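[1] Generate a structure from the sequence data that follows.
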Amino acid sequence: MSNESGMLITISGLPGSGKTTVARLVARELGLEHVYAGDIFRRQAEEHGLTLAEYVRRAERDPSIDRDLDAKMQARAAEGPAVLEGRLAAFMADKAGADALKVYLDASEPVRAARIAEREGGATDARLAEIQAREVSDWKRYRELYGFDYHDRARYDLVMSTDSKTPEVLAAAIVARARERFRS
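    From the prediction side, this is the model:
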């Protein structure tokens, strides 16, 4: 019998990899709270009257922005059962000393760009350029702040390609792995 009340699952990956859709499905199936770092970051941008792009540029100059968000995710990881979604979710769970199933979702650039263009509008080529610039910015910031590369697949318990699998299939595999891992 599984102990779903004790589960902490982190879902990380690059923009457009399917993190949010899959995380929501996993959280729903397991009856866990879904905590999305991107929502917290976007709310912070709105509170400062900035667009997401403007806030990202500010975060490049002001490390306290990332540190504040990361402290919130680390504190939530320490609280226990949830599905934490964000590029640094696994790292924050580790920093909190939390036992978590750490998942990384991967997808090719063309697939990710097409997904973002479909979700947010705009041309796929333009979206690809935007996500590439965002990834370079994020990679540099996280490297400077924490000295690690969140792309390093060795940090994760489960790495899954989302190019040719439905979110439902991916979520079912994560749920099965979580139930196996947290079996009492």
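[2] buried sites along stretch 156-175?
    Within stretch 156-175, the residues scored as buried using 16 or more other Cβ atoms under 10 Å are 156, 158, 160, 162, 165, 167, 170-171, 173-175. (Glycine included, C-beta is placed from N, CA and C.)
[3] what about the strands in this structure?
    Residue ranges of the strands in the chain, as given by DSSP state E, are 8-13, 34-36, 82-85, 101-106, 158-161.
[4] could I get these as JSON lines with distance to residue 57 and mean pLDDT?
    Listed next are the strands of the chain as JSON lines, based on distance: least, Cβ to Cβ, whole Å; pLDDT from 0 to 100:
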{"stretch": "strand 8-13", "distance to residue 57": "23", "mean pLDDT": "96"}
{"stretch": "strand 34-36", "distance to residue 57": "22", "mean pLDDT": "96"}
{"stretch": "strand 82-85", "distance to residue 57": "23", "mean pLDDT": "97"}
{"stretch": "strand 101-106", "distance to residue 57": "26", "mean pLDDT": "96"}
{"stretch": "strand 158-161", "distance to residue 57": "31", "mean pLDDT": "97"}
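[5] State the distance from residue 176 to residue 118.
    Going from residue 176 to residue 118 by Cβ to Cβ, to the nearest Å gives 28 Å.
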